[in-house]
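Colleague: no FASTA, just this:
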């Protein structure tokens with residue numbers, strides 16, 4: 001009842017937002033701007049928190065969704081004048097690090113993986129298999145670039161050059177985001193933007209993180225032992241909560257597992 005009594009100062013509150021999983025538009029159980037919109041609004045605006053702490057465990061995903069989420073975090077932080085702290089668990093790589101870089105300060109565990117500032121495009125080629133089965137692929141387009149990188153047709157050099165140009169543009173945007181957010185904290189490290197990853201203290205040494213530490217003790221050091229925590233996280237789909245999995249959910253889980261596996265997790 002203390003917070004309702006006039007002239008009695010309440011204990012500081014830190015809103016904790018959990019950001020767990022891959023980053024993708026529209027998929028249930030993934031991180032995306034639409035799914036996080038109301039969650040982040042509540043975390044920043046409900047009860048005037050002393051700070052917002054982001055618990056991040058993400059191997060990345062969509063560059064656009066990463067950018068939208070990061071921009072929303074910064075916008076809310078500035079509108080509410082609320083400091084933001086990111087706490088990396090297993091991994092904040094690629095798009096996961098993009099989101100972490102939206103924070104004012106980044107903390108990591110001694111074994112956390114950070115970085116992978118790059119862009120990747122993966123696919124498959126099945127044209128040889130189709131030929132062996134006697135299947136003919138027929139594609140008709142208006143516009144020579146409309147059927148770029150069709151996995152059922154042989155890869156051609158022009159498509160690869162076009163894809164590399166697009167990936168380069170996305171990579172430049174990612175680099176600009178990190179340089180803008182981290183600024184002079186970044187070390188003069190030649191591999192910083194090559195997609196390389198760093199662990200724990202090494203991430204601090206190159207400027208990708210500020211401290212090795214954990215959420216509760218770090219926030220107590222900052223706001224005192226009486227600091228309170230108010231937690232926010234996305235709800236799992238109803239069927240998943242009862243142990244049921246649709247085919248799309250199962251495929252999504254496999255894809256997420258593969259993304260984490262890229263970092264040995």
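Modeller: Perfect, I can see it now. The shown structure was predicted, so the numbers you read here are calculated from the model rather than taken from an experiment.
Colleague: Just list whatever residues bridge to residue 228.
Modeller: residue 13 (DSSP bridges).
Colleague: List the contacts of it.
Modeller: Residue 228 is in contact with 11, 12, 13, 14, counting by Cβ atoms under 8 Å, 6 or more residues apart in numbering. Just so you know, the C-beta spots here come from the backbone N, C-alpha and C atoms, and that holds for glycine as well.
Colleague: pLDDT-wise, what's the bottom of the residues you listed?
Modeller: Note: of the contacts of residue 228, the lowest pLDDT belongs to residue 11, at 84.
Colleague: pLDDT averaged over the helix or strand where residue 107 lies, what's the number?
Modeller: Assessed by DSSP states H and E, residue 107 sits inside strand 105-108. Averaged across strand 105-108, pLDDT comes to 96.
Colleague: which helices and strands does that strand pack with?
Modeller: If you count contacts as 3 or more Cβ pairs under 8 Å, 6 or more residues apart in numbering; DSSP states H and E, strand 105-108 packs onto strand 84-93, strand 211-212.
Colleague: For those, state which one has the densest average packing.
Modeller: Per-stretch averages of neighbours, counted by mean count of other Cβ atoms under 10 Å, single out strand 84-93 among the helices and strands packed on strand 105-108, with a mean of 25.
Colleague: In the sheet, which strands lie alongside it, parallel or antiparallel?
Modeller: Strand pairing for strand 84-93, determined by DSSP bridges: strand 51-58 (parallel), strand 105-108 (parallel), strand 113-115 (parallel).
Colleague: Residue 105: which of the helices and strands packed on strand 105-108 is closest?
Modeller: Nearest of the helices and strands packed on strand 105-108 to residue 105, taken as Cβ to Cβ: strand 84-93 at 5.3 Å.
Colleague: May I see the strands paired with strand 84-93 organised as a markdown table, with distance to residue 185 added?
Modeller: Putting the strands paired with strand 84-93 into a markdown table (distance: least, Cβ to Cβ, whole Å) gives the following:
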| stretch | distance to residue 185 |
| --- | --- |
| strand 51-58 | 18 |
| strand 105-108 | 9 |
| strand 113-115 | 13 |
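Colleague: Check the ones you listed for me: which has the lowest mean pLDDT.
Modeller: Among the strands paired with strand 84-93, strand 113-115 scores lowest, with a mean of 90.
Colleague: tally of neighbours for the residue lying closest to residue 63 once chain neighbours are set aside?
Modeller: Of all residues not flanking residue 63 in the chain, residue 170 sits nearest, at 5.2 Å (Cβ to Cβ, 6 or more residues apart in numbering). By the criterion of other Cβ atoms under 10 Å, residue 170 has 16 neighbours.
Colleague: Same check on residue 74?
Modeller: 16.
Colleague: low-confidence ranges in the chain?
Modeller: Of all residues in the chain, those with pLDDT under 70 make up the ranges 1-9, 27-29, 118-160, 162-164, 167, 236-265.
Colleague: try 80
Modeller: Low-confidence segments of the chain (pLDDT under 80): 1-10, 26-29, 117-172, 195, 234-265.
Colleague: show me where it has helices.
Modeller: 33-45, 63-80, 95-100, 127-132, 157-182, 201-205, 215-223, 238-241, 247-261 (DSSP state H).
Colleague: Looking at the contacts of residue 228, which is nearest residue 108?
Modeller: For the contacts of residue 228, the residue nearest residue 108 by Cβ to Cβ is residue 14; the value is 18.1 Å.
Colleague: List the contacts of that closest one.
Modeller: Counting by Cβ under 8 Å, 6+ apart, residue 14 has contacts 49, 50, 51, 52, 53, 219, 223, 227, 228, 229, 230.
Colleague: is residue 86 in a bridge, and if so with what?
Modeller: Listed by DSSP bridges, the beta-bridge partners for residue 86 are residue 54, residue 106.
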